[in-house]
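A.B. asks: Requesting a structural model of the entry that follows:
(one chain, ligands or ions: 1)
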Amino acid sequence: MSRDTRDRSRLGLRCFSCQEEHDPAQLNNVCRVCGMPLEISVPLPKGTPEDLIDTALESMWRYGTVLPIPADRAVSLGEGWTPLLDLGDGVWVKDESVNPTASFKDRGMSMAISAAVSLGAEGFAAPSAGNAGVALAAYGARAGLPVMVAMPEDTPLRMIERCREYGAHVESVAGTIGDAGKWLAEHGNPQHFDVSTLKEPYRVEGKKTMGYELYEQFRGELPDVVIYPTGGGTGLVGMWKAWNEMEAMGWLDGKAPRMVSVQAEGCAPVVSAFLRGETKTVPFPSPETKAYGLRVPSPIGGFLCLRAIAETGGTALTVTEAEIEAATSVAADLTGIDFCPEGGAAWAGWQRLRADGWITDSDRVVIWNTGSGRMYSEDVS
Ligand SMILES: *Cc1c(COP(=O)(O)O)cnc(C)c1O
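C.D. replies: Numbering: from 1, shown residues only. Next up, the predicted model:
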């Protein structure tokens, strides 16, 4: 591992949609011209994976050379570098339940808080369906800065309690994550930096590390299919970015995995747009699902999810609440992995695609278990 001496003042920051350039030396949310998400471009280093991955770091920061913040400036709790569990027959589970606050939200929050602290943020806020709030509360505490989280009032109690244990102020709001966002815009502290999904450019950079991990865990290859339970879409967009970067660095020969977006039947803006052949999502009416991470009725990055699916030859499908519930317990029972409902949705999606023949016996498939089922139980103990 060579010392990381790249000049990060050459970071780029431009709108994913209209391409307007922004100043990466300032705290930024969405594009000041069109209001869409901003994309960071990291000047990609030259070298082989052996040169560029710091394998002594057992966290996502092992990929510091391709991240916008160097590993030595990380606000970290040891997130990422999670197990890829081999179930046999060409199927693996990427188990994100073992992250510091029990979901893959930690990757994005570690990156976002690290960046924002280096740019002078003095506090943080976000609406959250659950896990993002817990992660934000933990990383805010790690950085020693105040956090305000607005959550839908039916968020699992344990998640609300966890936020409070990390010292965050939690506001319960009637409605969905969209309503929680509106509450913050009206009543939040304007000094607190907003780290909402894709309204802040660095969370995707943290999620990008999932793509690099797959590459390393598959010993320099990638699987054929990744199955991802999609809410706001940072994970899908982040991994898609990783494939493109690895391609640009000459690490890949062969294709990027086909990306599959699984959503709940009761909240499926990405799937609906995909099935209509559209390039943008429209708000999903009366969103309803117990897989709370998927209850995002109007994802600002919906168009990016659709691009990632289309460019990789992927697909999108819904599963019912009954399928999610059954799959969550079957998957846990069969594998011993602490499946969350969103992971159960991905599992159910995998079963359907296999039955349909969209996935064949020769495909190597990775199912994403994005969080921990324990966080959803009603008892707070
Ligand atoms: C947030 C969340 C999701 C959705 O993730 P996105 O990257 O925003 O699409 C899925 N599963 C769990 C457990 C989550 O917390």
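A.B. asks: Please make it C-alpha for all contacts and neighbour counts, starting now.
C.D. replies: Fine.
A.B. asks: What segments of the stretch 101-250 of the chain are helices?
C.D. replies: All helices of the stretch 101-250 of the chain, identified by DSSP state H, counting those that start in this stretch, fall at 105-118, 131-143, 157-165, 177-187, 202-207, 209-217, 234-248.
A.B. asks: So for M60, which of those helices sits nearest?
C.D. replies: When those are compared by C-alpha to C-alpha, helix 209-217 sits nearest M60, at 6.0 Å.
A.B. asks: who's in contact with stretch 187-200?
C.D. replies: The contact list for stretch 187-200 (C-alpha atoms under 8 Å, 6 or more residues apart in numbering) reads 28-30, 36-38, 112, 116, 121-128, 147-148, 203-204, 232, 234, 300-301.
A.B. asks: So what does P45 look like in phi/psi?
C.D. replies: The phi/psi pair for P45 (degrees, to the nearest 10) reads phi -70, psi 160.
A.B. asks: Quick check: it vs Y63, distance?
C.D. replies: Plainly put, P45 is 11 Å away from Y63 if you go by C-alpha to C-alpha, to the nearest Å.
A.B. asks: Report the set of residues contacting both of these two.
C.D. replies: Both P45 and Y63 are in contact with L52, where contact means C-alpha under 8 Å, 6+ apart.
A.B. asks: Now the stretch 51-200 of the chain against the ligand: closest residue?
C.D. replies: Taking C-alpha to the nearest ligand atom as the measure, the stretch 51-200 of the chain has N131 as its residue closest to the ligand, at 4.6 Å.
A.B. asks: wait, what's in contact with that residue?
C.D. replies: Going by C-alpha under 8 Å, 6+ apart, N131 touches 103, 105, 159, 293, 371.
A.B. asks: try P269
C.D. replies: Per C-alpha under 8 Å, 6+ apart, neighbours of P269: 281-284, 297-299, 302.
A.B. asks: Make CSV out of those and add pLDDT and distance to the ligand.
C.D. replies: CSV is the format used below for those (pLDDT from 0 to 100; distance: C-alpha to the nearest ligand atom, whole Å):
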residue, pLDDT, distance to the ligand
T281, 97, 14
V282, 97, 16
P283, 96, 15
F284, 95, 15
P297, 91, 11
S298, 90, 11
P299, 91, 9
G302, 96, 9
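A.B. asks: Pull the most distant pair out of those.
C.D. replies: Spatial extent of the contacts of P269 (C-alpha to C-alpha) is set by the pair F284 and G302 at 11.5 Å.
A.B. asks: what about those two, which has more around it?
C.D. replies: Shown here are F284 and G302; by other C-alpha atoms under 10 Å, G302 has more neighbours (27 against 18).
A.B. asks: Now the more buried one: phi and psi?
C.D. replies: Dihedral pair for G302: phi -50, psi -40, per degrees, to the nearest 10.
A.B. asks: Kindly report the same for G120.
C.D. replies: phi 100, psi 10.
A.B. asks: tally of neighbours for A150?
C.D. replies: Look at A150: counted by other C-alpha under 10 Å, it has 26 neighbours.
A.B. asks: For it, name its beta-bridge partners.
C.D. replies: Counting by DSSP bridges, A150 is bridged to P127, E171.
A.B. asks: Just list the residues touching it, thanks.
C.D. replies: Contact analysis of A150 by C-alpha under 8 Å, 6+ apart lists 125-128, 133, 170-173, 180-181, 183-184.
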